[in-house]
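S.K.: here is a sequence together with a model predicted from it:
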Amino acid sequence: MDMSSSNPNQLAPITPEAALLQLQQQMQEMVVEIKHLKANPPQTPVVVQPSTSTSWQEIIFRNFLKSSVTLHSEVNPDKPILAYDGSNYQMCEDALDGTLKHAFSVTESVIKKTNSFKELSSEENNAVPTLIKNTIIKPLRDKIISVGEKNANKMFTSLKTKCQRSDRRHKINLMAKLIELVNDATAADEFTISKWANLVSDLTQSKMTLDEAVGILLQSHFKPPCGIDKKTFEFSVDQNLNDKDSPSFDDVTTIIQSASSKLKPKAGALDYVPMDLDRIQAFNGGNRK
């Protein structure tokens with residue numbers, strides 16, 4: 001007996017025509033679904049990445065902290081080095097300040113703004129001394145290293161005090177050269193123009209003002225009153241002017257008047273022009289006879 005025909009769960013065989021029709025329907029449904037997906041794509045959540053951009057000013061400042069000397073060379077291609085006698089001090093200070101203004105992205109003087117480097121962060125106070133030591137001549141650098149000075153303010157102040165005194169002496173020498181050229185009565189030769197040109201270049205680099213120049217001329221050519229020793233007078237004037245930053249004409253006149261008053265012989269004192277030691281001894285020896 002054939003039991004297969006009596007099984008109710010057995011599926012009826014599908015004809016090839018029915019199978020083809022079913023496949024076509026499925027394909028049509030897939031096409032419709034694809035079109036729907038294209039027309040309505042799923043919304044992908046937008047992930048906002050944290051901003052990692054760094055401003056140009058920050059990049060420059062980081063480079064300064066990393067290598068202040070490299071940045072200084074980029075800002076100052078001529079790479080001025082402070083001379084031992086301080087003759088180019090002002091030029092070197094301007095170059096240093098220019099680098100710092102570039103590093104800090106400011107237009108005003110950083111030296112003045114930070115009160116000669118008193119108001120620096122710890123990072124800045126590491127970078128600035130390194131820059132200072134690499135922009136001065138080796139003998140000056142050796143002196144700084146020998147005393148173990150690492151603070152930017154103390155290092156800068158020490159150099160400024162020393163070099164400004166030398167700087168004024170340098171300016172006095174320049175004015176002396178000017179007077180010498182003016183009073184030169186010899187016939188000009190092929191080097192005359194070059195001497196003047198070199199002097200003008202040095203005067204320009206010194207950044208000496210007219211007021212300061214006239215003060216230097218007064219100091220150099222002022223003859224002390226009768227009865228006052230010339231060397232003592234000059235020493236007194238020099239000492240007082242050395243304590244001032246680029247003394248003006250008024251400063252010089254005030255100090256000269258003060259020195260003249262202090263060194264003036266007291267009333268009743270022997271009024272004589274100072275003599276050399278031999279003449280004084282001879283004079284005193286004659287009186288004892």
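M.R.: Done, it's in.

S.K.: ramachandran coordinates for Lys118?
M.R.: phi -70, psi -30 (degrees, to the nearest 10).

S.K.: how many other residues sit next to the nearest residue to it once chain neighbours are set aside?
M.R.: Leaving aside its sequence neighbours, Lys118 sits nearest to Asn153 (CB to CB, 6 or more residues apart in numbering; 4.8 Å). Glycine gets a C-beta too; all of them are placed from N, C-alpha and C. For Asn153, the count of nearby residues is 17 (other CB atoms under 10 Å).

S.K.: check the gap between Asn153 and Leu159 for me.
M.R.: According to CB to CB, to the nearest Å, Asn153 stands 11 Å off from Leu159.

S.K.: rewinding a little: list the buried residues in whichever strand or helix holds the residue nearest to Lys118.
M.R.: Following DSSP states H and E, one finds Asn153 within helix 152-182. Neighbour-count burial for helix 152-182, counted by 16 or more other CB atoms under 10 Å, picks out 152-156, 158-160, 162-168, 170-172, 174-175, 177-178.

S.K.: other SSEs contacting that helix?
M.R.: helix 89-104, helix 124-133, helix 138-146, helix 192-206, helix 210-221, helix 230-242 (3 or more CB pairs under 8 Å, 6 or more residues apart in numbering; DSSP states H and E).

S.K.: what's around the closest residue to Ala176 other than its chain neighbours, how many residues?
M.R.: In this structure, Ala176 finds its nearest non-sequential neighbour in Ser220, 6.7 Å apart by CB to CB, 6+ apart. The local packing of Ser220 (other CB under 10 Å) involves 14 other residues.

S.K.: per-residue confidence at Ser220?
M.R.: Listed pLDDT for Ser220 reads 85.

S.K.: low-confidence regions, this structure specifically.
M.R.: 1-13, 41-54, 164-166, 267-289 (pLDDT under 70).

S.K.: domain assignment for it?
M.R.: For the chain, the TED database gives the domain ranges 56-164, 168-262.

S.K.: most neighbours per residue, which of these?
M.R.: Ranked by mean neighbour count, the domains of the chain are led by domain 56-164 with a mean of 16 (mean count of other CB atoms under 10 Å).

S.K.: ok now it, how far from the chain's centre?
M.R.: Distance of domain 56-164 from its chain centroid, counting by CA atoms, centre = their mean, to the nearest Å, is 5 Å.

S.K.: quick one: work out the angle between the helix holding Asn153 and helix 230-242.
M.R.: 130 degrees (axes from the mean of the first three to the mean of the last three CA atoms, to 10 degrees).

S.K.: just want the angle from helix 152-182 to helix 89-104.
M.R.: Going by the same axes, to 10 degrees, helix 152-182 makes 140 degrees with helix 89-104.

S.K.: what sits against Phe233?
M.R.: For Phe233, the contacting residues are Pro224, Ala259, Ser260, Leu263, by CB atoms under 8 Å, 6 or more residues apart in numbering.

S.K.: what is the nearest of those residues to Cys92?
M.R.: Ala259 (31.9 Å; CB to CB).

S.K.: for the closest one, pull up the helix or strand it's in.
M.R.: Short version, using DSSP H and E: Ala259 is in helix 249-263.

S.K.: what's that helix in contact with?
M.R.: So helix 249-263 is contacted by 211-212, 214-216, 218-219, 222, 224-225, 228-229, 232-233, 236-237, 240-241, 244, 247 (CB under 8 Å, 6+ apart).

S.K.: 10 Å instead, please
M.R.: 209-220, 222, 224-225, 227-229, 232-241, 243-245, 247-248 (CB atoms under 10 Å, 6 or more residues apart in numbering).
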